[in-house]
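Q: missing the sequence, but the structure's below:
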Ligand SMILES: [Zn+2]
Ligand SMILES: [Zn+2]
């Protein structure tokens with residue numbers, strides 16, 4: 001079983017302009033076995049910049065064409081990365097019931113008191129540890145709810161708040177409140193979903209994998225299944241990026257390899273039947 005990159009975006013995502021075909025050509029060049037396009041699905045009406053920007057039918061039409069074109073060379077899966085908000089769980093459930101995907105990643109992209117996507121906020125995180133702790137508490141509590149909802153095959157980039165501000169956050173281990181919240185979140189993931197090793201920043205000095213190795217270890221000790229690999233590529237050059245560093249990280253945590261794509265796709269998704277045929281030879 002070869003390597004799969006199960007977290008990638010194309011121009012069907014609001015923050016990406018890459019073409020699916022180009023991403024697939026790159027995956028073939030790299031010798032990947034499968035890729036999953038997990039486009040951003042944003043269902044929060046308060047965020048008018050991203051709300052409802054994903055067009056399921058249009059994306060699916062493009063995917064079907066590309067999938068057929070690459071048949072025999074690359075398995076191309078149709079997925080989504082849904083931003084999870086506890087107060088929108090019913091809407092997310094309904095959305096996913098009505099629209100079949102092969103793989104659904106649930107991600108927390110917010111921690112209300114600090115916008116961790118803006119690198120300049122690292123200064124606030126450093127100078128106001130109380131506020132930073134509030135952000136972490138809400139991030140962990142929301143992640144636990146995300147995993148417990150049972151709606152998601154994979155939990156995306158756990159620890160993403162470190163992406164643009166590595167090393168700025170308060171220490172979690174030894175902080176009883178934070179440690180308890182983190183541990184319950186990881187337990188919920190181990191029981192109801194699966195971790196992704198998000199490799200997006202791994203090549204940069206000072207950056208750690210999302211999640212960190214000690215979190216992966218805890219997850220494994222709690223019975224968590226093999227993680228999936230995700231480059232989180234938004235451009236062709238990033239497809240499959242940092243795979244070897246990611247593999248080192250999961251091995252350090254005690255996993256032998258990444259989960260194969262056949263072990264994580266949904267039974268009611270558009271690729272499941274075809275995958276069964278491949279499995280039966
Ligand atoms: Zn994300
Ligand atoms: Zn993503």
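A: Cool, the structure landed. Everything numeric in this text was worked out from a predicted model, so none of it was measured. Numbers count the residues shown, from 1 in each chain. Ligands and ions are numbered 1, 2, ... in the order given.
Q: What are the phi and psi values at the residue of the stretch 151-281 of the chain found nearest ligand 2?
A: In the stretch 151-281 of the chain, no residue comes nearer to ligand 2 than residue 232, which is 4.5 Å away by CB to the ion. In this view, the C-beta of every residue, glycine as well, is placed from N, C-alpha and C. Dihedral pair for residue 232: phi 60, psi 40, per degrees, to the nearest 10.
Q: OK, contacts around whichever residue of the stretch 51-200 of the chain sits closest to ligand 2?
A: Of all residues in the stretch 51-200 of the chain, the one sitting closest to ligand 2 is residue 81 (4.7 Å; CB to the ion). Applying CB atoms under 8 Å, 6 or more residues apart in numbering, we find residue 81 in contact with 7, 9, 38, 39, 40, 41, 104, 105, 106, 107, 156.
Q: a helix runs through it, doesn't it?
A: No: looking at residue 81 with DSSP: H, G, I helix; E, B strand; the rest coil, it is strand, so not inside a helix.
Q: Look up how far residue 207 lies from it.
A: Using CB to CB, to the nearest Å, residue 81 is found at 20 Å from residue 207.
Q: can you check residue 177 too?
A: Taken as CB to CB, the span from residue 177 to residue 207 is 26 Å.
Q: neighbour count winner among the two?
A: residue 207 (17 against 12; other CB atoms under 10 Å).
Q: can you give me phi and psi for the closest residue to residue 207 other than its chain neighbours?
A: Among residues not flanking residue 207 along the chain, residue 201 sits closest, at 4.0 Å (CB to CB, 6 or more residues apart in numbering). For residue 201, the backbone dihedrals (degrees, to the nearest 10) come out as phi -100, psi 0.
Q: burial measure for residue 201, as a count.
A: Each residue near residue 201 was counted by other CB under 10 Å, and the total is 20.
Q: Return the per-residue confidence for it.
A: Predicted confidence (pLDDT) for residue 201: 91.
Q: That one contacts residue 163, correct?
A: Yes: with contact defined as CB atoms under 8 Å, residue 201 reaches residue 163; the gap is 5.7 Å.
Q: Show me which residues of the stretch 1-150 of the chain are close to ligand 2?
A: Proximity of the stretch 1-150 of the chain to ligand 2 (CB under 5 Å from the ion) is limited to residues residue 81.
Q: how does it look with 8 Å?
A: For the stretch 1-150 of the chain, the contact set with ligand 2 under CB under 8 Å from the ion comprises 7, 8, 9, 13, 38, 40, 81, 105, 107.
Q: how close does the fourth one sit to residue 235?
A: The reference is to residue 13. According to CB to CB, residue 13 stands 12 Å off from residue 235.
Q: Of these two, which one has the most company?
A: In this view residue 13 and residue 235 are compared by other CB under 10 Å, and residue 13 has more residues nearby, 23 against 16.
Q: where along the stretch 51-200 of the chain do the strands fall?
A: 75-83, 103-107, 154-155, 196-198 (DSSP state E, counting those that start in this stretch).
Q: who are the neighbours in contact with the nearest residue to residue 224 once chain neighbours are set aside?
A: Among residues not flanking residue 224 along the chain, residue 190 sits closest, at 3.7 Å (CB to CB, 6+ apart). Neighbouring residues of residue 190 by CB under 8 Å, 6+ apart: 219, 222, 223, 224, 225.
Q: The first one contacts residue 186, doesn't it?
A: To tie it back to what came earlier, the one meant is residue 219. Yes: taking CB under 8 Å as the definition, residue 219 is a contact partner of residue 186 at 5.1 Å.
Q: Please enumerate the helices of the stretch 51-200 of the chain.
A: Along the stretch 51-200 of the chain, the stretches classed as helices by DSSP state H, counting those that start in this stretch are 56-70, 89-98, 122-127, 129-148, 176-192.
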